[in-house]
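Asks: let's see this in three dimensions:
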Amino acid sequence: MTKRLAYITIIVFFLGACKETPKEKPIIEEQEASQVIDSIIPIVEEEEFVLTEENVIDFFFNYQKTLTEDKVKITTNLGSFTVQLYNNVPYHKANFIYLTKKEYFNNTMFHRVVKNFIIQGGNSDNVEVLKKRREIGRYLLPPDTRKGHKHHRGTISMPSSERDNPHKLASPYEFFIVVTKPGSYHLDGSYTPFGKVIQGMAVVDLINQQAVDDGDWPSQNIYILKAETVP
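Replies: Got it, this is the predicted structure:
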């Protein structure tokens, strides 16, 4: 009986010696854990999308499918007017709405005014405008002149690029509006009409009446304060 008790005592002592008190695990605070994860998994910053000659057609082909708006209100320091964009000139319509939503036109100017002919806007000598263009991208749009639209009075159209441009590719950042009565039809076939003024033509006429210098630049700056899509 004594031997058996001694044997049991030895076993209990042996098992007790083998059983260590578990060590307390360190607690990593949430901020420290985040730092650890960041050091293991590098953060990949998504590149901002920029339009180019290579991707512009595919982009606007898909973008125009998502649009529900077809009107843009342009507010200037001389008043406001609204244009309605033609649905069957999809790339030019999509481009104008895209730039409007990117707030490109805000704080640009009507930089060219030709009496009894056109007013032209979308440019400026402000470096911020050049910065906006660089961020949005460098591209041109193909002409779309065979949809039956003519350069009637109130038509909004897109000028061609000043670059070597035998195909009359459109300069997407600028636009002009015809004020000639009943229209300037010699422009048909060379430029793409993509909408018309449906409200505020008196403001367009007022802009066209402003004094200009020898280069058709208004003597007093005519600002586009805001462009916005409207129902």
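Asks: nearest residue to the residue positioned nearest the centre of the chain in space, please, no chain neighbours.
Replies: For the chain, the residue sitting closest to the mean C-alpha position, by Cα atoms, centre = their mean, is K102 at 3.4 Å. Sequence neighbours aside, I136 is the residue nearest to K102 in space, at 6.0 Å (criterion: Cβ to Cβ, 6 or more residues apart in numbering). For glycine as for every other residue, the C-beta is placed from the backbone atoms N, C-alpha and C.
Asks: and P90, by the same measure?
Replies: Nearest residue to P90, sequence neighbours excluded (Cβ to Cβ, 6+ apart): Q64, at 4.4 Å.
Asks: please name the residues that touch the one you found.
Replies: The contact partners of Q64, taken as Cβ atoms under 8 Å, 6 or more residues apart in numbering, are P90, Y91, K93, A94.
Asks: returning to what we had before: surely the residue nearest to K102 and E48 touch.
Replies: No: proximity of I136 to E48 does not meet the contact threshold set by Cβ atoms under 8 Å, at 9.8 Å.
Asks: what about the two, which has more around it?
Replies: Neighbours were tallied for I136 and for E48 using other Cβ atoms under 10 Å; the higher tally belongs to I136 (18 against 7).
Asks: ok so, going back, how about the residue nearest to P90, secondary structure?
Replies: Under the three-state scheme (DSSP: H, G, I helix; E, B strand; the rest coil), the conformation of Q64 reads as helix.
Asks: now do the buried residues in stretch 150-160.
Replies: Applying a neighbour-count criterion of 16 or more other Cβ atoms under 10 Å, the buried positions in stretch 150-160 are K150, H151, H152, R153, G154, T155, I156, S157, M158, P159, S160.
Asks: sketch out the low-pLDDT regions of the chain for me.
Replies: Counting by pLDDT under 70, the ranges of the chain that qualify are 1-46, 162-166.
Asks: would you map the helices across it?
Replies: Defined through DSSP state H, the helices belonging to the chain, from first to last, are 2-18, 30-40, 56-63, 90-101, 127-136, 201-208.
Asks: residues making contact with the fifth one?
Replies: Contacting residues not belonging to helix 127-136 are listed as E48, V50, L51, L99, K102, Y104, N107, T108, N123, Y173 [Cβ under 8 Å, 6+ apart].
Asks: now for the last one: which residues touch it?
Replies: The reference is to Y173. In this structure, Y173 makes contact with L99, Y104, G122, N123, R133, judged by Cβ under 8 Å, 6+ apart.
Asks: quick one: which of the residues you listed is nearest Y185?
Replies: Within the set of the contacts of Y173, G122 lies nearest Y185; the separation is 23.1 Å, counting by Cβ to Cβ.
Asks: the spatially closest residue to that closest one that is not a sequence neighbour - how many residues pack around it?
Replies: For G122, the nearest residue in space outside its immediate sequence neighbours is E174; the separation is 3.8 Å by Cβ to Cβ, 6+ apart. A count of neighbours around E174, defined by other Cβ under 10 Å, yields 18.
Asks: how near is E174 to F49?
Replies: When distances are taken as Cβ to Cβ, to the nearest Å, E174 and F49 turn out to be 22 Å apart.
Asks: same deal with V89?
Replies: In this structure, V89 and F49 are 23 Å apart, going by Cβ to Cβ.
Asks: so which of those two has more stuff around it?
Replies: For V89 against F49, the residue with the higher neighbour count under other Cβ under 10 Å is V89, and the figures read 21 against 11.
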